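[1] from the sequence below, what's the structure:
(one chain, ligands or ions: 1)
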Amino acid sequence: MMQETKKKFYVTTPIYYINDVPHIGHAYTTIGADVLARFKRMDGWDVFFLTGTDEHGQKIEKAAKERGLTPQQLTDQIVVRFQEAWKKLGITYSRFIRTTEISHKRAAQMFFEKVFKNQFIYKGHYEGWYCLPDEKFLLPSEVINEKCPDCGRPVERLKEENYFFSMSKFQNALTQYLEEHPEFVQPLSRKNELVNNFIKPGLTDVCITRSSVQWGIAAPVPEKSILYVWFDALINYLSGIGWPDDLETFHRYWPADVHLIGKDILRFHATLWPAMLLAAEIPLPKKVFGTGFITMNGQKMSKSLGNVIDPLAIADQYSPDALRYFLLREIPFGVDGDFSMESFQLRFNGDLANDLGNLIHRSLSMLERYFDGVIPENPNPSPAETELKTLATQYATQARLQIEEMAFPAILTLIWTLVKRANKYIEDSAPWKVAADSAQRARLQTILYTLMEVLRVVALALAPFMPFTAESIWSQLGFSDSIFNHGLEETEEWAKIPSGQKISKKNPLFPRIDRS
Ligand code: ME8
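    Numbering: from 1, shown residues only. Now for the predicted structure:
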């Protein structure tokens, strides 16, 4: 593939607050973005995948104080936990941005100056409510009993001299943009809610500096104040790809193809962010996709309830791929979903141990037993093999369509259709019986060759979702290079695995969990 002809794909996750260590919600969005990035990369696209940490603001300032640290010390400690978590979960980001980096700080200040020059920033007086956990200013009409309407926690009263961004001036432009680009905010149900609840009633101007907080990027104004953390944070999507210094990289990837975020911050991404970009005369991202929220045994996760799931503990106990698989298979992207150990173990034992693990282990064991681990020729395929071939080689066409809709469960279901069909093929063709009859040696060759081909395609198809498993299947099949040197288009061809290649079987990948 020639570099120039490659289509580009720029995907981002939220940058997470690092007042605390990563939890399963952070892992969920990041894994989703990783799957998109890996899928597109394997399909020949020029991919940029940005993630990172949101390190400024009152919340971090407070968390540091509580621990007797400076904010910089706290962020330096916790950022490592995020980076280690992403490494363990197989996250292949192109860049990890920290908003405390000098290049980002400069970018945020320059962005402010540009919007100021364009006359969309004015000085004013803020008196009203602020939700500290959400780092959000709230209108009087939104606050009920001094509680935040979104997270339910107590709000605080602020009185500050601040600078304001004239978001209200973008009411018409944004409404028009949303009409002309129906795909901009997804899923559709969330878009409708956003338009009816926040855009139609009228956009209000937003405070974009804070004078009573110290920890942040100095606002380029005469008074001593810092940039409001959301104004600073959103700009990471530009500074992360080089704006304003490396415009070549910036223009190669901007506009973002998708900002993947949780539903909690859709409003910031679908109102403030596009308005800021319009004010700075920068094109808008193509899509903002709000995922649902994960609950634990039907309950909201919270520190006080002590039910926050640690993704790393699950990855350590069961494997990172089992967690990746569960999250993407169980919860349709875009709607809320639940995590429980029971449903996790059911999926593990059913889909991973029984279906996938057995297919791999049985097929490779038979190849060892009947052919000394050497992949045979493929003499006489019959209709049963043709059916498997069709299922396998049609996968990519369907998966490419589904990935545009973030339909991860649907793609995994496609892969499992092939896995289950192959398991049935083993039962139907009964290689152990065929092996007992020396006159049927050619038939046995075809059956085992077909199973190796299915495993080759399954490994390639699984690679974006379960990268460690895919790499293991690949090496067990006897390939000496990495599966990630290979592309999705290789699933569209059949009979590609070389006869004569020696496999190298390992222990079963997903030993059943004893649930007694
Ligand atoms: O909001 N289920 O950071 P944050 C699913 N710094 N996803 C969840 C989740 C749950 N229970 N809990 C959190 C911020 N998430 C800002 C973002 S972006 C310019 C600035 C995920 O640490 C989900 O993606 O609070 C959500 O949007 C994000 O974590 C919020 O992370």
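
[2] spell out which residues of the stretch 51-200 of the chain are next to the ligand.
    Within the stretch 51-200 of the chain, the residues that sit near the ligand (C-beta under 6 Å from any ligand atom) are residue 54. Every C-beta, even on glycine, is put in place using the N, C-alpha and C of the backbone.

[3] strands along the stretch 51-200 of the chain, start to end?
    Counting by DSSP state E, counting those that start in this stretch, the stretch 51-200 of the chain has strands at residues 95-98, 121-131, 136-138, 156-165, 185-186.

[4] so what are the sheet partners of the first one and their directions?
    Sheet pairing of strand 95-98 (DSSP bridges) gives strand 46-54 (parallel).

[5] pLDDT on the strand it pairs with, on average?
    The predicted model gives strand 46-54 an average pLDDT of 98.

[6] pull out the buried residues from it.
    When burial is assessed from 16 or more other C-beta atoms under 10 Å, strand 46-54 yields the following buried residues: 46-54.

[7] coming back round to it: got the strands of the stretch 51-200 of the chain as TSV, with distance to residue 332 columns?
    What follows is those, written out as TSV (distance: least, C-beta to C-beta, whole Å):
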stretch	distance to residue 332
strand 95-98	28
strand 121-131	29
strand 136-138	28
strand 156-165	35
strand 185-186	13
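
[8] including mean pLDDT and mean neighbour count, could these go into a markdown table?
    Converted to a markdown table, those look like this (pLDDT from 0 to 100; neighbours: other C-beta atoms under 10 Å):
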| stretch | mean pLDDT | mean neighbour count |
| --- | --- | --- |
| strand 95-98 | 98 | 17 |
| strand 121-131 | 94 | 16 |
| strand 136-138 | 92 | 20 |
| strand 156-165 | 94 | 17 |
| strand 185-186 | 96 | 22 |
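
[9] how many other residues sit next to the nearest residue to residue 99 once chain neighbours are set aside?
    The shortest distance from residue 99 to any residue that is not its chain neighbour, by C-beta to C-beta, 6 or more residues apart in numbering, is 4.9 Å, and that residue is residue 55. Using other C-beta atoms under 10 Å, residue 55 is surrounded by 29 other residues.

[10] now swap in residue 197 and tell me
    Residue 197, neighbours per other C-beta under 10 Å, totals 10.

[11] in the stretch 51-200 of the chain, what residue comes closest to the ligand?
    In the stretch 51-200 of the chain, the residue that lies nearest the ligand is residue 54 (3.4 Å; C-beta to the nearest ligand atom).

[12] OK, contacts around that residue?
    With contacts defined as C-beta atoms under 8 Å, 6 or more residues apart in numbering, the neighbours of residue 54 are 14-18, 99, 229, 233, 236.

[13] which of these fall in strands?
    Mapping those onto strands (DSSP state E) picks out 14-17.

[14] buried only: go through those residues for me.
    14-17.

[15] those residues: which ones sit near the ligand?
    Filtered for proximity to the ligand (C-beta under 6 Å from any ligand atom), those shrink to 14-17.

[16] for residue 421, state which of the residues you listed is nearest.
    If you rank these by distance to residue 421 using C-beta to C-beta, residue 14 comes first, at 38.6 Å.

[17] the closest residue to the closest one other than its chain neighbours bridge partners, please.
    In space, residue 14 comes closest to residue 261 once its chain neighbours are excluded; the distance is 5.0 Å by C-beta to C-beta, 6+ apart. According to DSSP bridges, the partner residues bridging residue 261 are residue 290.

[18] list the contacts for residue 261?
    If you count contacts by C-beta under 8 Å, 6+ apart, residue 261 has them with 13-14, 29, 269, 288-291.

[19] redo those as a markdown table? Include pLDDT.
    As requested, those are exported to a markdown table (pLDDT from 0 to 100):
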| residue | pLDDT |
| --- | --- |
| 13 | 98 |
| 14 | 98 |
| 29 | 98 |
| 269 | 98 |
| 288 | 98 |
| 289 | 97 |
| 290 | 96 |
| 291 | 96 |
